[in-house]
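In: generate a structure from the sequence data that follows.
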Amino acid sequence: MGNLLQPGQAGTIESNDIIVTVAPAAAEDGIVIELTSPVMKQYGKRIREVITETLLEAGVKHAFVQANDKGALDCTIRARVQTAVARALQEGGN
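Out: Take a look at the predicted model:
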């Protein structure tokens, strides 16, 4: 596990959810997170931590992540990232 084959996406833009897209990135880029959230000032750092921790637990060290948060809890963020990674690891599409 670890090398993303294609972009993978999970989640919705509904209230209390987050939509996450993970895509392959060059090795020198590491993990790059582009985050949009109405609670960025209060929770932006924590959201980034949860995304990074979840990627590393899945063995993903190089990824470009776009996340559009709508107030998701940590457990929701983790589940969305895990699903997006699983989809990005599958051959043949989402």
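
In: so where is this structure shaky, pLDDT-wise?
Out: Across the chain, the ranges flagged by pLDDT under 70 are 1-2, 91-94.

In: point to the residue nearest the middle of it.
Out: Closest residue to the average C-alpha location of the chain: Val81 at 4.2 Å, with Cα atoms, centre = their mean.

In: how about Ala86: what's its closest non-neighbour residue?
Out: Spatial nearest neighbour of Ala86, excluding adjacent residues (Cβ to Cβ, 6 or more residues apart in numbering): Gly8 at 7.0 Å. Every residue, glycine included, has its C-beta placed from N, CA and C.

In: who's in contact with the residue nearest to the centre of the chain?
Out: Taking Cβ atoms under 8 Å, 6 or more residues apart in numbering, we find Val81 in contact with Ala10, Val20, Val22, Val50, Ile51, Thr54, Leu55, Ala58, Val65.

In: mind redoing it with 10 Å?
Out: Val81 sits next to 8, 10-11, 18, 20, 22, 50-55, 57-58, 60, 63, 65, 67 when contact means Cβ atoms under 10 Å, 6 or more residues apart in numbering.

In: residues contacting the residue nearest to Ala86?
Out: By Cβ under 10 Å, 6+ apart, Gly8 lies in contact with 20-24, 63, 81, 83-90, 93-94.
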